[in-house]
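The sequence and its predicted three-dimensional model are supplied below.
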Amino acid sequence: MKYDLVVIGSGPAGQKGAIAAAKLNKRVAIVERDFNQFGGVCLHSGTIPSKTMREAILHLSGYSHRDVYGEQYRQKRRITMDDLRRQVAHVVEHERDVVQDQLERNGIDSYVGDASFVGPHEIAVTRAGGESVTLQTEKVLIACGTRPARPESIPFDGETVFDSDEILKLAEIPRSLIVIGGGVIGIEYGIMFATLGVRVTVVDGRRRLLEFADAEIVDSLMFHARSLGMVFRLGEDVVGIDRLQENRIALHLESGKKLIGESVLYAAGRAGDTERLNLEAAGLTPDERGRLWCNEHQQSWVPHIYGVGDVVGFPALASVSMEQGRRAVCHAFDQPFHGCDVLPYGLYTIPEISMVGKNEDELTKERVPYEVGVARFREIARGKILGDDTGLLKMLFHRETREILGVHCIGATATEIIHIGQTVMALGGTIDYFRDTVFNYPTMAECYKVAAFDGLNKLSLEVEFAESAPSTSEKDEKTPQPREANIDVMAV
Ligand SMILES: Cc1cc2nc3c(=O)[nH]c(=O)nc-3n(C[C@H](O)[C@H](O)[C@H](O)COP(=O)(O)OP(=O)(O)OC[C@H]3O[C@@H](n4cnc5c(N)ncnc54)[C@H](O)[C@@H]3O)c2cc1C
Ligand SMILES: NC(=O)c1ccc[n+]([C@@H]2O[C@H](COP(=O)([O-])OP(=O)(O)OC[C@H]3O[C@@H](n4cnc5c(N)ncnc54)[C@H](O)[C@@H]3O)[C@@H](O)[C@H]2O)c1
């Protein structure tokens, strides 16, 4: 029972950390609470089920074909939770086999049970029946993830009032849904249900949703959501929930408003799953939301214990979690690690959103002179073929160095094509690359070329105006002209 590394949690961070250590010929054990949970929250209640459910909804609701066949087009008339669950089960089962096979192939010992610290180098694994084994280890990777926040004041029953882990267990698709929390989870699920025809209301304490995203893209998303009948109650706090007759639920808002619905999804954040780890025995204390502090190498205050994945907080993404797992192991076993500085973000809303780099608000605050090139999907042949002529891609670039500063996209394949911009940014490329390159046709990649021409045309407008504008001496003799202002008006 002596290991070089014990990993707690089998989500993306734990898996990739364990495999990275095994590749360094280390003796590795991974502990997962429940046999059916191998793959973590990511595989069983987070990323994979939610994205599969979205795909099932897009297919069965005929959403992407309505442009051609009309608003009433449906692949299936009465969609049920069982229809959605079937596709999810199919994908999850396959992915779980992949995870277990990878761990076995790399000679990693898997333990099923609740892990908790006995001492800084000792971890007890306790099975549901109570029997326990103790593992000795040189290093530890805490990759225990998060669980949905469940305040006492919310009367959860898993059927009419539920959290995001319980969605897949619903017996039926509700006719109306109130979503508390307009974060990524609340918005992704809210829009999925609205696409199914459910009346969805989102309540959030903030006045602006998804603040990290480009404001124009979020406005466009809200426009789509409203066109599906979604209602947003922003800047509102929930102060109480009552159950009414006939399975109705009343939500009382601090402003005095009352919302009546058939069901409530509580999606107002997640907390680190550290309660049962007995962190104190290892010399660690989590913060008030159960999260663990770590430095840039993912190392906690106790140098041989590392924290990776959602338990360390922002950005709480599966993609980043995997990277953190590898980063921690390289540091723990003195290996070099070359990380990625240009991280993408994908929101699987309908339509999807993706971004990389800075947004306009950030560049404006930092007083960076930037220009914007825009491609609208209605000008892109592949967009029309895919049934999306409302999407857009905007590329932000430096007016002087022409370096790409950010790419923001909403619409079909946004989460895929963002990587083209990410690659060019990571390699220090400029907007000229997109002007000069040739993409397959018809593809969504063409957006980059269209956006590049749009942006460069705006720069050339400036040159044109600057050249035709009178010199200072001429200007003094004639009526003063608002030269800069003119350029701005034309360029917008
Ligand atoms: C609804 C939803 C949708 C999401 N969609 C996306 C998305 O589209 N893209 C994206 O990048 N990210 C998405 N995420 C976030 C993503 O799922 C997480 O970033 C990722 O799962 C974090 O991985 P992790 O390795 O930290 O562990 P997790 O996946 O959280 O897994 C942790 C595992 O540790 C186990 N564990 C905990 N404590 C113990 C213990 N004491 N002993 C033994 N085992 C223990 C748990 O049982 C669990 O299986 C989504 C999350 C949710 C909830
Ligand atoms: N596509 C993706 O990459 C993806 C998808 C889903 C989740 N995730 C990850 O999961 C993490 C957790 O997501 P989340 O949506 O649970 O959390 P979150 O913190 O992003 O959102 C919580 C939202 O709830 C609101 N809120 C909090 N308390 C409230 C209250 N009492 N009343 C009304 N509103 C309230 C907050 O203002 C916030 O907007 C995210 O940080 C994200 O990284 C990623």
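Done, it's in. Residues are numbered from 1 along each chain as shown. Ligands and ions are numbered 1, 2, ... in the order given.

switch to C-alpha atoms for all contacts and neighbour counts from now on
Will do.

Strands of the stretch 201-350 of the chain, start to end?
Counting by DSSP state E, counting those that start in this stretch, the stretch 201-350 of the chain has these strands, from start to end: 231-234, 238-243, 249-253, 258-261, 263-266, 270-272, 305-307, 344-347.

Can the last one be said to contact ligand 2?
Yes. Legend: contact between strand 344-347 and ligand 2 by Cα under 6 Å from any ligand atom is shown at 346-347.

And for that strand, what's in contact with it?
184, 188, 352-357, 414-415, 418-419, 422 (Cα atoms under 8 Å, 6 or more residues apart in numbering).

Could you export that strand as PDB, CA atoms only?
The C-alpha trace of strand 344-347 is given here as PDB (Å, rounded to 0.1, in the frame of the first residue of the first chain):
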ATOM      1  CA  PRO A 344     -10.400  29.300 -24.700                       C
ATOM      2  CA  TYR A 345     -13.900  29.300 -23.000                       C
ATOM      3  CA  GLY A 346     -16.900  27.600 -24.500                       C
ATOM      4  CA  LEU A 347     -20.500  28.000 -23.500                       C
END
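
What residues of that strand count as buried?
344-347 (16 or more other Cα atoms under 10 Å).

List, out of those residues, those positioned next to ligand 1.
Applying Cα under 6 Å from any ligand atom to the buried residues of strand 344-347, none is adjacent to ligand 1.

Any chance of JSON lines for those residues, columns distance to Leu396?
Below are the buried residues of strand 344-347 laid out as JSON lines (distance: Cα to Cα, whole Å):
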{"residue": "Pro344", "distance to Leu396": "15"}
{"residue": "Tyr345", "distance to Leu396": "16"}
{"residue": "Gly346", "distance to Leu396": "18"}
{"residue": "Leu347", "distance to Leu396": "20"}
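
Tell me the one of those nearest Asn247?
Leu347 (32.2 Å; Cα to Cα).

who's that closest one bridged to?
Ile353 (DSSP bridges).

Just the pLDDT at it, thanks.
Looking at Leu347, its pLDDT stands at 98.

roughly how far apart are it and Arg243?
33 Å (Cα to Cα, to the nearest Å).

swap in Gly325?
44 Å.

And Glu172, by the same measure?
19 Å.

When those two are compared, which one has more neighbours?
Arg243 (16 against 13; other Cα atoms under 10 Å).

Skip the chain neighbours and tell me the closest residue to that one.
In this structure, Arg243 finds its nearest non-sequential neighbour in Ile249, 4.6 Å apart by Cα to Cα, 6 or more residues apart in numbering.

so what's the one you found scoring on pLDDT?
95.

Asn106 too?
98.

Next, count neighbours for it.
The burial count for Asn106: 16, using other Cα under 10 Å.

Could you give the average pLDDT over stretch 136-153?
97.

Any residue of it touching ligand 2?
No. Stretch 136-153 lies apart from ligand 2 when judged by Cα under 6 Å from any ligand atom; the minimum separation is 6.9 Å.

quick one: buried residues of that stretch?
136-150.

ditto for stretch 267-287
267-274, 277-279, 281-282, 284-286.

Neighbours of the residue nearest to Pro286 when sequence neighbours are not counted, how many?
Closest residue in space to Pro286, ignoring its immediate chain neighbours: Leu292 at 5.0 Å, by Cα to Cα, 6+ apart. By other Cα under 10 Å, 25 other residues sit near Leu292.

Close to ligand 1: what parts of this structure are there?
8-14, 31-33, 37-38, 40-42, 46-47, 50, 113-116, 143-146, 164, 185, 273, 276-277, 309-311, 316-319, 321.

ok, of those, which come out buried?
8-14, 31-33, 37-38, 40-42, 47, 50, 113-116, 143-146, 164, 185, 273, 277, 309-311, 316-318, 321.

the domain parsing of the chain - what is it?
2-147+271-332, 161-268, 351-468 (automatic domain parsing).

The last one and ligand 2 in contact?
No. With Cα under 6 Å from any ligand atom as the threshold, domain 351-468 lies outside contact range of ligand 2, at a closest distance of 8.8 Å.

taking the mean pLDDT, what do you get for that domain?
Per-residue scores along domain 351-468 average to 95.

Tell me where the stretch 301-450 of the chain has helices.
Here the stretch 301-450 of the chain has its helices, by DSSP state H, counting those that start in this stretch, at 318-332, 360-365, 381-385, 414-426, 431-436, 446-468.

swap in the stretch 151-300 of the chain?
Under DSSP H, counting those that start in this stretch, the stretch 151-300 of the chain gives helices at 184-195, 215-227.

hmm, the first one touching ligand 2?
Yes. Judged by Cα under 6 Å from any ligand atom, helix 184-195 and ligand 2 are in contact via 184-186.

who's in contact with that helix?
Contacts for helix 184-195 (Cα under 8 Å, 6+ apart): 50, 54, 57, 61, 63, 164, 177, 179-180, 199-202, 210, 225, 228-230, 265-268, 347-350.

and if you look at stretch 363-379?
Against stretch 363-379 from outside (Cα under 8 Å, 6+ apart): 383-384, 388-400, 411, 447-448, 450-456, 458-459.

Buried ones only from the residues you listed, please, as a ChimeraX command.
To isolate the buried ones among the contacts of stretch 363-379 in ChimeraX, judged by 16+ other Cα under 10 Å, type:
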select :383,388,389,390,391,392,393,394,395,396,397,398,399,411,447,448,450,451,452,453,454,455,456,458,459
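
coming back round to it: looking at the strands of the stretch 201-350 of the chain, which is buried most?
strand 305-307 (a mean of 27; mean count of other Cα atoms under 10 Å).

Contacts for it next, please.
With Cα under 8 Å, 6+ apart, strand 305-307 has contacts from 139-143, 292-294, 298-300, 328.

Now distance to Tyr3 too, for those residues, in JSON lines please.
JSON lines is the format used below for the contacts of strand 305-307 (distance: Cα to Cα, whole Å):
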{"residue": "Lys139", "distance to Tyr3": "8"}
{"residue": "Val140", "distance to Tyr3": "10"}
{"residue": "Leu141", "distance to Tyr3": "12"}
{"residue": "Ile142", "distance to Tyr3": "15"}
{"residue": "Ala143", "distance to Tyr3": "17"}
{"residue": "Leu292", "distance to Tyr3": "23"}
{"residue": "Trp293", "distance to Tyr3": "24"}
{"residue": "Cys294", "distance to Tyr3": "22"}
{"residue": "Gln298", "distance to Tyr3": "20"}
{"residue": "Gln299", "distance to Tyr3": "19"}
{"residue": "Ser300", "distance to Tyr3": "19"}
{"residue": "Ala328", "distance to Tyr3": "16"}
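
so what does the longest strand along the chain touch, helix or strand wise?
Assignment by DSSP state E gives strand 132-142 as the longest strand of the chain. Judged by 3 or more Cα pairs under 8 Å, 6 or more residues apart in numbering; DSSP states H and E, strand 132-142 is in contact with strand 2-8, helix 12-23, strand 122-126, strand 305-307, helix 318-332.

rerun that using 6 Å as the cut-off
strand 2-8, strand 122-126, strand 305-307 (3 or more Cα pairs under 6 Å, 6 or more residues apart in numbering; DSSP states H and E).

Out of those, which one sits most buried?
strand 305-307 (a mean of 27).

quick one, phi/psi of the residue lying closest to Gly11 once chain neighbours are set aside?
Counting by Cα to Cα, 6+ apart, Gly11 lies nearest to Gly40, which is 3.8 Å off, once chain neighbours are set aside. Main-chain torsions, Gly40, degrees, to the nearest 10: phi 80, psi -170.

Kindly state the pLDDT recorded for Gly40?
Looking at Gly40, the pLDDT reads 98.

Counting neighbours, what do you get for Asp334?
So Asp334, with other Cα under 10 Å, has 9 neighbours.

can you pull the contacts of it?
Residues near Asp334 by Cα atoms under 6 Å, 6 or more residues apart in numbering: none.

Fine by me, thanks again.
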